[in-house]
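Colleague: test case, fold it:
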Amino acid sequence: MHELTDAERHLLLCLWDRRDERSRTASLAELQTIEDKHAPGRAFDLTPAVGGLEARGLIQREGDAFTLTDEGIAATHVAFAKVMHDGFSAQLVRDAKSRVFAEYCRRVNGVGHFQYNIVDVPQLDRLIESLSLRPGDRFADLGCATGALTVEIARRTGAHGVGLDFAEPAIMLAREQTADNERVSFVTGNMNTLELPGPDFDAIVAIDTLYFVDDLPAVVGDILARLKPSGRFATFYSSTRRPADAPETLSVDATRLAKALQSHGAEYEATDFTSAAQALWRRASLATEDLKEAFFEEGEQETWESRDRENREVLSNHEAGLVARHLYVARPGS
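Modeller: A predicted model of the protein is given here:
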């Protein structure tokens, strides 16, 4: 099979964007809307991509809409990995070294830790408290990026941490920055095929990273299987509903994560951080406005545009009551 064009790759990714919808199909107009939203000013025209993808059996028509075939899903995984490795990985490293992004984090999260998630100081305090880690315990941080929060958890608990991320450049930077820190180590890996070094863990954390896995119940099962019987799995998870969906779909026991935990018989409790998250997104929106000139002067226009676009969209969803955020803390089932 010949290499996908950029337009073909993006069309597959736009269809993949619909994977959690009740209808996993989308018309070409709907797909173009998704593409335009994710890449304003840089979006590809997806129309020329349809014929080639159909001919190779990667997409199929259902009336006026399209859906991914099994072969298309496999090709999308490859395309997603390429986009994330080539684009997002490099962006992680640039932002980790950016002085203006550090200032952005201080204003939004309350600390200068480099992070793309929405964890502020009170949320981080509650997370660390929930882990009940002691000096000498072992924990894993899944989707650790450049390892700032891995280091913070280890520092505050005395535990030994292993950070895992698919982005090899970010892991390399994490290793460089922690060369003298014997309590943390970092490995390149994929949560979809979870492989963690050493014996089972006293705790595993996933801070705003489970949205990107292929099969959430399977990944949750893999995580629970790597915990000691007394171990804890803690994850921040934000859920969004469509306007037509009932508000109850955002309740603690009805989210996709809750259902994944239930499927493995895990015991769990959850803390609602929805109001705190909405306040954080307001701070984020103000920070992008205040720091726009500084981002541009540093040559980080793309970062500013990405932050500004996401902040506006998520804050709008919060204000419409379409988002709920929880900290789930789970134990393996008996």
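Colleague: quick one: pLDDT of the closest residue to N190 other than its chain neighbours?
Modeller: Among residues not flanking N190 along the chain, F166 sits closest, at 5.2 Å (Cβ to Cβ, 6 or more residues apart in numbering). Bear in mind the C-beta positions are built from the backbone N, C-alpha and C, glycine included. The model reports F166 with a pLDDT of 86.
Colleague: export the helix or strand harbouring A270 to PDB, keeping only CA atoms.
Modeller: Per DSSP states H and E, A270 falls inside strand 267-272. Extracted as PDB, the C-alpha positions of strand 267-272 are listed here (Å, rounded to 0.1, in the frame of the first residue of the first chain):
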ATOM      1  CA  GLU A 267     -14.000  -0.600  43.700                       C
ATOM      2  CA  TYR A 268     -13.800   3.200  43.300                       C
ATOM      3  CA  GLU A 269     -14.700   6.500  44.700                       C
ATOM      4  CA  ALA A 270     -14.700   9.900  42.900                       C
ATOM      5  CA  THR A 271     -14.300  13.500  43.800                       C
ATOM      6  CA  ASP A 272     -16.100  16.100  41.700                       C
END
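Colleague: could you give the mean pLDDT of that strand?
Modeller: 96.
Colleague: and that strand, what other elements does it pack with?
Modeller: Packing partners of strand 267-272 (3 or more Cβ pairs under 8 Å, 6 or more residues apart in numbering; DSSP states H and E): helix 256-263, strand 323-331.
Colleague: again, only this time at 7 Å
Modeller: Secondary-structure packing of strand 267-272 (3 or more Cβ pairs under 7 Å, 6 or more residues apart in numbering; DSSP states H and E): strand 323-331.
Colleague: give the pairing partners of the strand it packs on; include direction for each.
Modeller: strand 227-240 (antiparallel), strand 267-272 (antiparallel) (DSSP bridges).
Colleague: pull out the buried positions in the first one.
Modeller: It stands for strand 227-240. 227, 231-240 (16 or more other Cβ atoms under 10 Å).
Colleague: contacts for that strand?
Modeller: 117, 119, 123, 127, 130-132, 200-208, 210, 223-224, 250, 255-257, 277, 317, 322-332 (Cβ atoms under 7 Å, 6 or more residues apart in numbering).
Colleague: buried ones only from these, please, as a PyMOL command.
Modeller: Here is the PyMOL command that selects the buried residues among the contacts of strand 227-240 (16+ other Cβ under 10 Å):
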select buried, resi 117+119+123+127+130+131+201+202+203+204+205+206+207+208+210+223+224+250+255+256+257+277+317+322+323+324+325+326+327+328+329+330+331+332
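Colleague: which parts of the chain belong to which domain?
Modeller: 6-68, 104-276+321-331 (automatic domain parsing).
Colleague: format the ones you listed as CSV; extra columns: distance to A284.
Modeller: CSV is the format used below for these (distance: least, Cβ to Cβ, whole Å):
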stretch, distance to A284
domain 6-68, 18
domain 104-276+321-331, 5
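Colleague: looking at the ones you listed, which is buried most?
Modeller: Highest mean neighbour count of the domains of the chain: domain 104-276+321-331, a mean of 19 (counted as mean count of other Cβ atoms under 10 Å).
Colleague: so after the lowest-mean-pLDDT helix or strand in the chain, what's the next helix or strand?
Modeller: Ranked by mean pLDDT, DSSP states H and E, the helix or strand of the chain with the weakest confidence is helix 89-96, at a mean of 74. As assigned by DSSP H and E, the chain's next helix or strand after helix 89-96 is helix 99-109.
Colleague: can you name every helix or strand that that following helix contacts?
Modeller: Secondary elements touching helix 99-109 (3+ Cβ pairs under 7 Å, 6+ apart): helix 274-297.
Colleague: next, the angle from the helix it packs on to strand 323-331.
Modeller: 110 degrees (axes from the mean of the first three to the mean of the last three Cα atoms, to 10 degrees).
Colleague: which helix or strand lies directly C-terminal to helix 274-297?
Modeller: helix 301-319.
Colleague: just the angle for that next one relative to helix 99-109, thanks.
Modeller: 10 degrees.
Colleague: what about helix 301-319, average pLDDT?
Modeller: 89.
Colleague: residues contacting R156?
Modeller: I128.
Colleague: how about the strands paired with strand 323-331 in TSV, adding distance to E195?
Modeller: Below are the strands paired with strand 323-331 laid out as TSV (distance: least, Cβ to Cβ, whole Å):
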stretch	distance to E195
strand 227-240	15
strand 267-272	24
